[in-house]
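Undergrad: Requesting a structural model of the entry that follows:
(one chain, ligands or ions: 1)
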Amino acid sequence: MVEDDDSIAEPLVEGLAREGFSVARVATGREALSGHDPDLVILDLGLPDMDGYAVCQQIRSRSAVPILVVTARADEGDKVLGLELGADDYIVKPFGFRELVARIRAVMRRMPEPAGDLVQDLGPLQIDRRTRKVLVDGAEVTLSPKEYELLALLASDPGAVVDRQTILEEVWDPHWYGPTKTVDVHVASLRKKLGNPDWIETVRKVGLRLGGALVGNA
Ligand code: CA
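TA: Residues are numbered from 1 along each chain as shown. Okay, the predicted model is just below:
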């Protein structure tokens, strides 16, 4: 939230926190343009140090983050300018808190899933790479860090064989020359936890691959 007026910002920050949002508030355009990587920007146009439109334009020039512009300027031309400069929506002061929340949610709903922030869906298996959560038939399965990394590695190219050396290097350590038995132990445990042993296929003398029902869903 970029808002210089404490009497406006503070109740909004509190209210949004109650709604489950984590809000970082800054009071100047300069701060808004330095070192934050938010999921959404609430931008007041009347800032002490910079023109809000310029802030909007600069944020947009470097990021696809949704921008919700907040302003006292109710003029139609201002709204159009804000949207032309890359704002996703526009809310005019004074506004109700519920309206703000509704607009935030609407703007975020319209956003495509950010790249790299993927829940990989392999039919009965889902892997959330952001939270490292794994679901089998909708139920969360608790994996150890190595089990998760092994599964995520195999799932990065479903059906492709990943050789043992690559597995050791990627999941364990780049300089691993220890017993490859470690992999077998983790594979056995992973198969058991997933409840579908054929999901992790052993390719003799080569390595492992994702198999069974998962591959047709990739
Ligand atoms: Ca202001």
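
Undergrad: who touches the closest residue to the ion within the chain in this structure?
TA: Per C-beta to the ion, residue 46 is where the chain lies closest to the ion, at 3.6 Å. Every C-beta, even on glycine, is put in place using the N, C-alpha and C of the backbone. Residue 46 makes contacts with 4, 52, 71-73, as judged by C-beta atoms under 8 Å, 6 or more residues apart in numbering.

Undergrad: quick one, helices of this structure?
TA: Secondary structure of the chain (DSSP state H): helices at 6-18, 29-32, 52-62, 76-84, 97-110, 145-155, 164-167, 181-194.

Undergrad: from the middle of its chain, how far away would the fifth one be?
TA: Relative to the centre of its chain, helix 97-110 is centred 18 Å away, using C-alpha atoms, centre = their mean, to the nearest Å.

Undergrad: Likewise for the fourth one?
TA: On the basis of C-alpha atoms, centre = their mean, the separation between the geometric centre of helix 76-84 and that of its chain is 29 Å.

Undergrad: okay, the angle between that helix and helix 52-62?
TA: For helix 76-84 against helix 52-62, the angle by axes from the mean of the first three to the mean of the last three C-alpha atoms, to 10 degrees is 20 degrees.

Undergrad: and helix 76-84, what other elements does it pack with?
TA: In this structure, helix 76-84 packs against helix 52-62, strand 67-71, strand 89-92, with contacts taken as 3 or more C-beta pairs under 8 Å, 6 or more residues apart in numbering; DSSP states H and E.

Undergrad: quick one: buried residues of the first one?
TA: Neighbour-count burial for helix 52-62 flags 52-53, 55-60 (criterion: 16 or more other C-beta atoms under 10 Å).

Undergrad: Filter these to keep only those in contact with the ion.
TA: Among the buried residues of helix 52-62, proximity to the ion is found for none (C-beta under 5 Å from the ion).

Undergrad: now, which of these sits nearest residue 80?
TA: Set against residue 80, the nearest of those by C-beta to C-beta is residue 53 (11.3 Å).

Undergrad: thought that closest one was touching residue 82?
TA: Yes. Residue 53 lies in contact with residue 82 (C-beta atoms under 8 Å); the separation is 6.7 Å.

Undergrad: Alright, calling it a day.
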